[in-house]
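Engineer: When you get a sec, could you give me coordinates for this:
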Amino acid sequence: MPSISLGDHDQIGVIALTSNDAPAAAHTLLAEHGFWRPRGVFGYILIHDRYDHDVPARLERFLAAAARQGIGVEYHLPRILPDAGSPAAGKRVEELWRENQEREYRRSRRQAARIITSGSDLESLAHGLSRRLPGEWTFHVTDFVDPGSQLDFFDDLWDNACLASAWMQFRVPRAAILSGPSRLELVVIDRPLHREQVLVGALSLHGITHDYFGDDNAPHAIAVPSEAVRAAHTVTRRLLSRYHQAARRLRNPCPQPAPTCPSSPPPSPSTCLDSGTASTKASLLPETTG
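Structural biologist: Predicted structure coming up:
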């Protein structure tokens, strides 16, 4: 099996899988060409695939670099590259991704049953948070009845840490959305595999186009206790200030410095002398009265 296999997922984008014996150079090559590996996810994902019109050229450069380094790559990307490559590669990537999602879905269902048994109540927690966070906040709880609706919501996340990883790796059956001042929104979900904890993160800004997925400057989500008083204190102290700062950077980007005019050539010594002499002569002339 080649070191790297590429497939094109309809909803996620380009997914790269590495073989068990892939050299370190294969992982380095993926990172250098825009592939990102969320924590806990078995494959790499090409960042901004659904937003970047330059994806075909980027993939061509990736394949050329792999060929120069002698790293084997098989792919099936019919939507992106004219040469679709090996259908077997795309099938293998799709099957492994589906198996991973199904496995994590079963595990998250078992964890969800344990959370419900322990008395976790996302709606009550969201209500308590909305009353204790600074400013006026409202909330609602949304259910993701199928994995497709959960995946569709992924585009609204502004995170490059634990929330994005959990959203892709586990089944998220429900989420609380909190809307606050300056049209900022927070999302709260039960933290997978951790009883009595939730993840709180930021959502994308209304009306501002930005590559939120994989943004290194995202206001990273945090894990907090599923108890309103402690959760509100931690969110206020650790998340809200970073969220406000990141939102200000996007809403009020620093203007580009104006191009500087080319400096004028220094005047010649004779010019300086003439102008100085002229001004001196003018100052020596007597004033005339009208």
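Engineer: drop to CA atoms for contacts and neighbour counts, all remaining ones
Structural biologist: OK.
Engineer: who touches the residue nearest to Asp190 when sequence neighbours are not counted in this structure?
Structural biologist: Closest residue to Asp190 apart from its sequence neighbours, by Cα to Cα, 6 or more residues apart in numbering: Val198 at 4.4 Å. Going by Cα atoms under 8 Å, 6 or more residues apart in numbering, Val198 touches Val188, Ile189, Asp190, Arg191, Ala223, Val224, Pro225, Ser226.
Engineer: now, among those residues, which is nearest to Asn160?
Structural biologist: Nearest to Asn160 out of the contacts of Val198 is Ala223 (Cα to Cα; 13.9 Å).
Engineer: any idea which element the nearest residue to that closest one once chain neighbours are set aside lies in?
Structural biologist: Beyond its immediate neighbours in the sequence, the residue positioned closest to Ala223 (Cα to Cα, 6+ apart) is Leu199, lying 4.5 Å away. Element membership of Leu199 [criterion: DSSP states H and E] is strand 197-203.
Engineer: Equivalent analysis for Ile177, please.
Structural biologist: Ile177 is part of strand 174-179 when elements are defined by DSSP H and E.
Engineer: Now the element after that strand, going C-ward?
Structural biologist: Where DSSP H and E defines the elements, the next helix or strand beyond strand 174-179 is strand 185-190.
Engineer: what number of residues lie near Pro87?
Structural biologist: The number of residues packed near Pro87 is 14, by other Cα atoms under 10 Å.
Engineer: How about Arg249?
Structural biologist: Arg249 has 11 neighbours, counted by other Cα under 10 Å.
Engineer: Pull the residues that contact the helix or strand containing it.
Structural biologist: Assigned by DSSP H and E, Arg249 belongs to helix 241-251. Contact partners of helix 241-251, identified using Cα under 8 Å, 6+ apart, comprise Ala202, Leu205, Ile208, Asn217, Ala218, Pro219.
Engineer: Below-threshold pLDDT in the stretch 1-150 of the chain: ranges please.
Structural biologist: 1, 11, 38-42, 47-53, 84, 104-120 (pLDDT under 70).
Engineer: Recalculate using a threshold of 80.
Structural biologist: Low-confidence segments of the stretch 1-150 of the chain (pLDDT under 80): 1, 9-13, 37-43, 47-54, 82-85, 97-120, 145-148.
Engineer: before we move on, back to that, need the contacts of helix 241-251 in TSV (columns: pLDDT and distance to Leu46).
Structural biologist: TSV is the format used below for those (pLDDT from 0 to 100; distance: Cα to Cα, whole Å):
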residue	pLDDT	distance to Leu46
Ala202	96	22
Leu205	93	22
Ile208	88	22
Asn217	85	18
Ala218	89	18
Pro219	92	21
